[in-house]
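Engineer: Below are the sequence and a predicted model for it; my questions follow.
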Amino acid sequence: MEEKWVIRRVGGDYEELGRRYGVSPVIARIMRNRGIMEDTEAELFLRGSEAALSDGKLLPDCIRLVELLSKAIDEGRHIRVIGDYDVDGVCATAIFFEAIKTAGGKADTRIPHRIRDGYGLNERIIREAAEDKVEVILTCDNGISAAGEIKLAHELGMQVLITDHHSVPREGVPEAEAVVNPQRIDSECSFKELCGAAVAWKVAQALFEKRGIPEKKHPEFFELAALATVTDVMPLKGENRILVREGLKKL
Ligand SMILES: [Mn+2]
């Protein structure tokens, strides 16, 4: 089948832009179509490196969550990582599970069943955790809309640490011990469209930093975050584009 590409054309001198950025006029036009207007943005888009990725500690509650998680690890508490059944949720779960084990903690995982449980935390999963003597629930790629389930977990004596990237519900941020989400309006992170695994990776980095663990111990975290960015269909701009481009090289 013969493909014919028609590139949207908004106004601009693409010959000149292409020369300025060192790319073809077609690439310059595609960049404009994706809303890249500033030179610094263009530079990041074309040549941004890992060093340009923002520090996870800028995510709201990240420092708080890492402190609580680190304490739970030191106290030998039973931590359960609860993710999601899609690629993002599975990658995020893998990152946290490995990170906690590397930090010397006691962790296991639960992925909700797509048919039986549906998406995210539910009463069955919370009650099961309590029966299994879980002391700390750590979510990834879910939890921001689980106020009821978080309350139940508290009633059953568990601590709840949330990491998520879905929109904050109208009722606001749920009352967990920590809620890390780049979509929070109080987020100081300049880039908000991270996938759940990228959030987990940034939190894991902060945990390693706190505990003096070299980040290079788990180079696969970067690759998992890159994979999940693509499969969760996150916009390929800003940090996501860097994550995916560098992640593909690593993969
Ligand atoms: Mn996701």
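Structural biologist: That came through fine. Here the structure is a predicted model, which is why all the values come from computation and not from measurement.

Engineer: hey, let's count contacts and neighbours off CA atoms from now on
Structural biologist: OK.

Engineer: Please, which helix or strand holds the residue nearest the centre of the chain?
Structural biologist: Centroid check for the chain by Cα atoms, centre = their mean gives Val199 as the closest residue, at 2.3 Å. Take DSSP states H and E as the rule and Val199 turns out to sit in helix 196-211.

Engineer: Kindly report the same for Gly18.
Structural biologist: Residue-wise, Gly18 maps onto helix 14-21 under DSSP H and E.

Engineer: quick one: the next helix or strand after that helix to helix 14-21, angle?
Structural biologist: Using DSSP H and E, the helix or strand that follows helix 14-21 in sequence is helix 25-33. Angle, helix 25-33 to helix 14-21, by axes from the mean of the first three to the mean of the last three Cα atoms, to 10 degrees: 90 degrees.

Engineer: From the chain's centroid, how far away is helix 25-33?
Structural biologist: 28 Å (Cα atoms, centre = their mean, to the nearest Å).

Engineer: quick one: average pLDDT of that helix?
Structural biologist: Average pLDDT, helix 25-33: 90.

Engineer: If you count contacts, what does that helix end up packed against?
Structural biologist: Secondary-structure packing of helix 25-33 (3 or more Cα pairs under 8 Å, 6 or more residues apart in numbering; DSSP states H and E): helix 14-21.

Engineer: And the contacts of the worst-scoring helix or strand of the chain on mean pLDDT?
Structural biologist: Within the chain, no helix or strand scores below helix 39-47, which has a mean of 87 by mean pLDDT, DSSP states H and E. Helix 39-47 has contacts (Cα atoms under 8 Å, 6 or more residues apart in numbering) with 21, 31, 36, 52, 237-238, 241-242.

Engineer: how about those residues in JSON lines, adding secondary structure, distance to Ala92 and neighbour count?
Structural biologist: What follows is the contacts of helix 39-47, written out as JSON lines (DSSP: H, G, I helix; E, B strand; the rest coil; distance: Cα to Cα, whole Å; neighbours: other Cα atoms under 10 Å):
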{"residue": "Tyr21", "secondary structure": "helix", "distance to Ala92": "35", "neighbour count": "15"}
{"residue": "Met31", "secondary structure": "helix", "distance to Ala92": "30", "neighbour count": "18"}
{"residue": "Ile36", "secondary structure": "coil", "distance to Ala92": "29", "neighbour count": "19"}
{"residue": "Ala52", "secondary structure": "helix", "distance to Ala92": "22", "neighbour count": "12"}
{"residue": "Lys237", "secondary structure": "coil", "distance to Ala92": "20", "neighbour count": "19"}
{"residue": "Gly238", "secondary structure": "helix", "distance to Ala92": "20", "neighbour count": "21"}
{"residue": "Arg241", "secondary structure": "helix", "distance to Ala92": "18", "neighbour count": "21"}
{"residue": "Ile242", "secondary structure": "helix", "distance to Ala92": "18", "neighbour count": "23"}
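
Engineer: of those, list those near the ion.
Structural biologist: The subset of the contacts of helix 39-47 within reach of the ion, by Cα under 5 Å from the ion, is empty.

Engineer: Contact distance from the ion - what residues of the stretch 101-250 of the chain qualify?
Structural biologist: 141, 196.

Engineer: Show me the helices in the stretch 101-250 of the chain, by range?
Structural biologist: 123-131, 147-155, 196-211, 220-231, 238-250 (DSSP state H, counting those that start in this stretch).

Engineer: circling back to that earlier point, which of the contacts of helix 39-47 lies closest to Val180?
Structural biologist: Gly238 (19.8 Å; Cα to Cα).

Engineer: Let me see the contact set for that closest one.
Structural biologist: 41, 44-45, 191 are the contacts of Gly238 under Cα under 8 Å, 6+ apart.

Engineer: Could you tell me how far the least confident helix or strand of the chain lies from the centre of the chain?
Structural biologist: 22 Å.
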